[in-house]
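>>> Pasting a predicted model and its sequence here:
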Amino acid sequence: MATPESLNILDISGKYTMNKTLSDDNSDEILRLQGVSWFKRRAISLGTVTLAVKHYKEDEIEHIDIDQTLTGGIPGTSEKRTLIWKERKNEDHLFGAVIGKSRRTKADVFDEDFLKKGWTEDTLDYGVIQSYVESDTAKSGTTWIANQVLMQLVQTWGIEVVNEERRYTRHVKFTGPEGQDIECRLVYDYQRSDLLQRSNMAESSTSASSSSSHRADVAPFLEENKVQEETTVQLVDFHSDSQLEAALRTPTVATWPQETRRDRFSRNFLASHPRMSTRLSRVIKYLKGPRPKVVLPGLSSRCFAQPPLTDKSTDPVPLLDIDWCTRGIHITLSLESTVLKLTRLLTSPWLFLVLGAAYIIGFAFFSRAESFLTPASSFIACNSAYWASNNGCGLDGELCGPFTNVTLDFRCPAQCDSLILQNPRTVGGDQVAFVPLIVGGGDERHTYRGDSFICAAANQLGLTTNGKGGCASLELVGNFSDFLPTTGNGLASIGFPTVFPLAFRLSKTHTLSHCEDNRNGALAFNIIITWMLFVILRPRAIVLYWSLVCIGFWHISLFSQPRASPPVISDAFGTFLPTLFIAYAFWRLAFRFTLPAFSRAPLEASVWYLAPYWAGVLTNITFDKIPISRLTASDLSKRSGAITALVIIIIVVVILAANQVRVMRKTGWFLHYLKWYILGGLVLLVLSQLPGLQLRIHHYIISMALIPGTAFPTRMSAIIQAFLLGMFLNGAAAFGFDSILQTAAELQEDGPSGSLLPSFLTNSTNFNSSVALVNQTITWKALADSWDGFSLLVDDVERYAGTALNFSLAAFDAGIPHFFRLAYTSGDTTGDFTMPAVLWPNGTWVDPAPGPS
């Protein structure tokens, strides 16, 4: 029978039987696709389906309990629904393992007309009850989605007029394991005899909480110029069916929830600014995207904290499973499917464990041969030199002695050509930056100044190579004059036309073994291993992910970019544990939504993931040719092509970000991510304003910030997240987790600090070139406040430290040029040095250029 006029969607308690005549006849197909056997489906078709519904509110949360019974010997099912839109798993004897959630929502959030049309006005006003259910594929072995809008005659599900009668109905939109799309309407008859039970339940609910109505509250859906009359429903203890029936003949007006501040603001704003409000609503609706949120094909919705609601089909069709039809010719080339069949026997977890253990042992021996068979004292870094910059070697260089009678057999790592000066270094009257520091080497015996990078000089001479490193021998030769520039093997040195107290020469003769750097061999080995993981062994997605994390981290720590030579294993393990914690967050936030989507396309996944992953792991190589080291104005202005490279990078990043924003909006998640990124931006803004500290965005932090935005089963998301994972591992393993806040001194390194500069009193106008050098004296201005002394560099060597205001040139050779730089000192702290003043052999004095050196 029809439902009473008093029954609405706010309370649908009662008993209902399915009307098979008025219901659609395709429900059997839905049961078949859900895995229900033919015998059970036949019994269901012959029996009677009865629903006993209890609709109530507990702790301000709406609940609907439904006991479904079937005649014909088939056990019924029980549904406990909580309208908070939260996933709940259930084991159903009829449908197996399922995952579902329910909520009250406005009908216009749905895109499908079938789900939002046909309801009565009161149902549309109060909101329909939406139930989302899907198979728990991992347990049930089936894949399907049932998206229902359940409309009932009272105040909860929904009411629909069928044959001019109000009836409780359910609109079911079903998606099967192969993308079948079935729409089915189920119509129920209302049994009046259970109204007394509903009233008693409502009364008992009221006695438990005297402050709440027996009707379930719903979120207010206020519309312009729509006023609802509020009434209070008083519970009566009915002693007979006749009393209850008589009471129900008097229609009641549903209780309208209390208006909130947000509702009042929206209503007032709409009344005051209707045009602006309409436009703003359109913008917000566009940014929100579809409601409810949707999931792209290829990913189970239960992975989301709030699972999307639209249909989910199978994973993306592999690109390499070619199926073309053209001009009547059907071409089929199933590469992915063939690989899956041929390698099926190799996907055993036991085989993976055995091969994994073999890999760890092999990798350990590889690392031993790479770094631990050569004496540790023979390893030097790419920037190793015998002389420090400015006054780092002390007065007359005494901290960097001895200057002669020293030989060293050394081993250089590979890729030393890419280690460059990040800050300008003054050499005589020149400044050099963004290249390896090599001074001299152009004479017949290839003599280099003591502050030259030893490995870069050896690469220039061909004693070692950039690709494999190597071993050589070094000899210190003490004082040397007139270092000549030269080029070789792609490296150029600069000249220094005066004397320097420390120089060295290189030779191929040495006593070391195991000199070659095998990082390229290790790279090839690990690339093959990761490809086998994707294509042949094919472990579960989470196992594959952790394999990438571990392989990438230890490849960087032991081969491609160790923090020291030989690698310090304890330092690597100190970073490994926090790396794993952050990597777990990456899995939860992004990778578990994307990586499993390519389970049927291992060849394609190996391309989308491995190429960008290894590009990120080897950031020190892939970004080597990009003329940007740090995003500072000074670096960008001084490096050729830096501005162009930065513009290109920004364009690429904007394009990728726009694509991800498009996907977010398309799936309804844009505002969710926007909220968190705005919050993160505000946190960075606060951090950047802390006094005495400067914000430093390391590349591992960039990866941490951007990876959550790739949580979508698209090919572009796979590419981006793979590269960001590799870049994160590179930052963590090679440099550690440097602080996001650093002091100016930490960022300065060997660059200028911006301190006050002293001034020479001697200049080009008052220098008397007719006076012999042995009688010449240079002078400078008195001390400034907060400084207690001076440091004078002559020919890049500290020759004076004290409070005097002059310095005699009697000890210097008049036949060669000399370079003078001056700085203030305060205790052990030295300020910036001036640019060099130059005294040429002909007696010409050249004043220093402005600014620090």
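Cool, got the structure. Residues are numbered from 1 along each chain as shown.

>>> quick check, residue 98 in a helix?
No - under the criterion used here (DSSP: H, G, I helix; E, B strand; the rest coil), residue 98 is strand, not part of a helix.

>>> Look up how far residue 471 lies from it.
Distance, residue 98 to residue 471, by CB to CB, to the nearest Å: 66 Å. To be clear about C-beta, it is placed using only N, CA and C from the backbone, and glycine gets the same treatment.

>>> Any idea how far apart the tips of stretch 627-640 sit?
Stretch 627-640 stretches 7 Å from its first residue to its last (CA to CA, to the nearest Å).

>>> What mean pLDDT does it get?
Stretch 627-640 shows a mean pLDDT of 71.

>>> swap in stretch 449-468?
Mean pLDDT, stretch 449-468: 95.

>>> Can you give the distance from it to the centre of its chain?
38 Å (CA atoms, centre = their mean, to the nearest Å).

>>> Give me the pLDDT for residue 230.
So, for residue 230, pLDDT stands at 36.

>>> can you tell me which residues contact residue 380?
Taking CB atoms under 8 Å, 6 or more residues apart in numbering, we find residue 380 in contact with 410-412, 454-455, 565.

>>> now, among the residues you listed, which is nearest to residue 363?
residue 565 (18.3 Å; CB to CB).

>>> ok so that closest one is a strand residue?
No - per three-state DSSP, residue 565 lies outside any strand segment and is coil.

>>> And the contacts of stretch 524-537?
With CB under 8 Å, 6+ apart, stretch 524-537 has contacts from 339, 343, 346-347, 351-352, 355, 359, 363, 366, 539, 544, 547-548, 551, 555, 602-603, 605-606, 609-610, 613-614.

>>> now the contacts of residue 380 in JSON lines, with secondary structure and neighbour count?
Formatted as JSON lines, the contacts of residue 380 follow (DSSP: H, G, I helix; E, B strand; the rest coil; neighbours: other CB atoms under 10 Å):
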{"residue": "410", "secondary structure": "strand", "neighbour count": "22"}
{"residue": "411", "secondary structure": "strand", "neighbour count": "27"}
{"residue": "412", "secondary structure": "strand", "neighbour count": "31"}
{"residue": "454", "secondary structure": "helix", "neighbour count": "26"}
{"residue": "455", "secondary structure": "helix", "neighbour count": "30"}
{"residue": "565", "secondary structure": "coil", "neighbour count": "20"}
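
>>> Quickly run through the sheet partners of the helix or strand hosting residue 331, with directions.
According to DSSP states H and E, residue 331 maps onto strand 329-334. Partners of strand 329-334 in the sheet, by DSSP bridges, are strand 321-326 (antiparallel).

>>> tell me the mean pLDDT for the strand it pairs with?
Strand 321-326 comes out at a mean pLDDT of 70.

>>> Equivalent analysis for stretch 778-786, please.
Averaged over stretch 778-786, pLDDT sits at 91.

>>> Now it: buried residues?
Residues of stretch 778-786 classed as buried: 778, 780, 783 (neighbour count, 16 or more other CB atoms under 10 Å).

>>> Let me see the contact set for residue 835.
426, 821, 848-853.

>>> thinking again about what came up before, ok, of the contacts of residue 380, which one's closest to residue 624?
Using CB to CB, the contacts of residue 380 come closest to residue 624 at residue 455, 15.8 Å.

>>> if we can go back for a sec, return the subset of the contacts of residue 835 lying in helices.
Using DSSP state H, no member of the contacts of residue 835 sits in helices.

>>> Out of those, who's the most crowded?
The most crowded member of the contacts of residue 835, judged by other CB atoms under 10 Å, is residue 821 (25 neighbours).

>>> Hmm, residue 831 and that residue touching each other?
No - contact criterion CB atoms under 8 Å: residue 821 and residue 831 do not qualify, at 11.5 Å.

>>> what's around the closest residue to residue 400 other than its chain neighbours, how many residues?
Nearest residue to residue 400, sequence neighbours excluded (CB to CB, 6 or more residues apart in numbering): residue 393, at 3.8 Å. When neighbours are counted by other CB under 10 Å, residue 393 registers 22.
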